[in-house]
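K.L.:
generate a structure from the sequence data that follows.
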Amino acid sequence: MVVVPRMQRQKAKSEPAAARTPLQRAREAGLNYLSRQARSAHEVAQRLRQKEFAEDVVAEVIADLERLRFLDDRAFARRWVEARLERAAGARKLAQDLRRKGVDAALIDEVLAEYAPQLDAPDRAVDLLRKQAWRYRALDREKAQRRMLGFLARRGYDGQTAWKAIERVWKELEEDEV
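P.N.:
You can find the predicted model right below:
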């Protein structure tokens, strides 16, 4: 979260809106948007475009915010992944979410590579399926495995990790351990 210094807030409020330049109004809108939650540079630029600021003003505000370190897509992506490590989501799902936020693909790959050991651990998928095991007990093997695969795929697990987890949990279900 970005904290705007008190003097800046008071100064902005004291000046009439008409007296401020489009650049000042855009910078204020960008800071205000960032003050609620962390955002990617793409999201801030998109928001400023929605508010109908000129493209050159948007570019200058984004450059200023990056220079002042209020915007940093690498740090944003790291925080995004860290916040979602406990939620059983795979690397593909996280990458998809970050792409939707406008983070550069090379940067996404770099950040996900840092967290690969945690994200690729098959135990995460197994634990997730164990929590959902009650859904699959009464189903025949083929139908249950198809549903398990869909469940894990929607959470971004690759096919190999998903099938290993499914086989392990199905074996436990057959032995009535879960």
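K.L.:
rest of the way, CA atoms for contacts and neighbours
P.N.:
Will do.
K.L.:
now residue 114: how far from residue 108?
P.N.:
Using CA to CA, to the nearest Å, we find residue 114 at a distance of 10 Å from residue 108.
K.L.:
the two: which is more packed in?
P.N.:
When residue 114 and residue 108 are compared for neighbours, residue 108 comes out ahead with 21 against 11, by other CA atoms under 10 Å.
K.L.:
now do whichever helix or strand residue 32 is part of: distance to the chain's middle.
P.N.:
Element membership for residue 32, per DSSP states H and E: helix 22-36. Relative to its parent chain, helix 22-36 has a centroid offset of 22 Å by CA atoms, centre = their mean, to the nearest Å.
K.L.:
output that helix in PDB with nothing but the alpha carbons.
P.N.:
Below are the C-alpha coordinates for helix 22-36, written out as PDB (Å, rounded to 0.1, in the frame of the first residue of the first chain):
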ATOM      1  CA  PRO A  22      -3.700  17.400 -16.000                       C
ATOM      2  CA  LEU A  23      -0.400  15.900 -15.000                       C
ATOM      3  CA  GLN A  24      -1.000  16.900 -11.300                       C
ATOM      4  CA  ARG A  25      -4.600  15.500 -11.500                       C
ATOM      5  CA  ALA A  26      -3.400  12.300 -13.100                       C
ATOM      6  CA  ARG A  27      -0.600  11.900 -10.500                       C
ATOM      7  CA  GLU A  28      -3.100  12.400  -7.700                       C
ATOM      8  CA  ALA A  29      -5.500   9.900  -9.300                       C
ATOM      9  CA  GLY A  30      -2.700   7.300  -9.600                       C
ATOM     10  CA  LEU A  31      -1.500   7.800  -6.000                       C
ATOM     11  CA  ASN A  32      -5.100   7.600  -4.800                       C
ATOM     12  CA  TYR A  33      -5.600   4.300  -6.800                       C
ATOM     13  CA  LEU A  34      -2.400   2.900  -5.300                       C
ATOM     14  CA  SER A  35      -3.300   3.900  -1.800                       C
ATOM     15  CA  ARG A  36      -6.000   1.200  -1.500                       C
END
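K.L.:
great, nothing more from me.
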